[in-house]
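kindly return the folded structure for what I paste below:
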Amino acid sequence: MLFVMRPACGGRGGRTRPGPAWVCQDQARRGTTNGPAGNNGRPATLYPVMTAPLRLCILGDSLAAGVGSTREADTLGPRLARRLRDAGHALHLRVHGVPGARSADLDRQVGVALGGGVDLALIVIGANDLAGFVSPAVGARQLHDAVARLVRAGARVIVVPAPDLGIVARVPGPYRQLVSAASGHYAQAQAEAAIRAGGAVAAAG
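Residues are numbered from 1 along each chain as shown. Here you go, the predicted structure:
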């Protein structure tokens, strides 16, 4: 059962209340909206309306796929799914992230996600683009196209841009500041592209 914001039963003036989607049984049967008591003066019976599960897809690189976690339950997808279910959402999770993926690989991942249906997509991408010296303009354009394609299909999209690779241990000390600056520039280009395409951005930190 999906918890949503819906107009209060019989309410006026656009008032809403949190909770599951409820319907006044008397009003549903009679097709009326004359208030909580219905037409006969008796209190209306409320019952929950079952809704389809939220289809959550995780796309992107090794961070999306969960590389580095010792247990599947600790990877990004299952952790997010657990939080959403704890909040009362029915959920169907699919993870399409692939270790080593770059922004150029999002087109294929988006195609797979759309094939199974998607309501909410989280894209984690950029680290491998940076490591492969993909220009910010190219990577941002590829990300933009992926987000726009999902949005056109009716999905809501959140993008986690490239992390700061300057903190990676194997980056030599003298180059850390340069790598951090490049990472920030790339992430900014990604964020702007994602927003132009109709998505939202979450900080990698």
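
tell me where the protein has helices.
25-30, 62-65, 76-86, 106-116, 127-131, 136-152, 176-196 (DSSP state H).

out of these, name the one with the poorest average pLDDT.
Among the helices of the chain, helix 25-30 carries the lowest mean pLDDT, at a mean of 43.

measure how far whichever strand in the chain runs longest is from the centre of its chain, please.
When the chain is scanned for its longest strand (criterion: DSSP state E), the result is strand 54-60. The chain centroid and the centroid of strand 54-60 are separated by 7 Å under C-alpha atoms, centre = their mean, to the nearest Å.

pLDDT of it, averaged?
96.

that one to helix 106-116, inter-axis angle?
Between strand 54-60 and helix 106-116, the angle comes out at 160 degrees (axes from the mean of the first three to the mean of the last three C-alpha atoms, to 10 degrees).

other SSEs contacting strand 54-60?
When contacts are defined as 3 or more C-beta pairs under 8 Å, 6 or more residues apart in numbering; DSSP states H and E, strand 54-60 packs onto helix 76-86, strand 91-95, helix 106-116, strand 120-124. The C-beta positions use only the backbone N, C-alpha and C, and glycine is treated the same way.

and the first one, which residues are buried?
Judged by neighbour count using 16 or more other C-beta atoms under 10 Å, the buried positions of helix 76-86 are Leu76, Gly77, Pro78, Leu80, Ala81, Leu84.

about what we covered before: would you turn the helices and strands packed on strand 54-60 into TSV with distance to Val179?
Converted to TSV, these look like this (distance: least, C-beta to C-beta, whole Å):
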stretch	distance to Val179
helix 76-86	24
strand 91-95	28
helix 106-116	23
strand 120-124	19
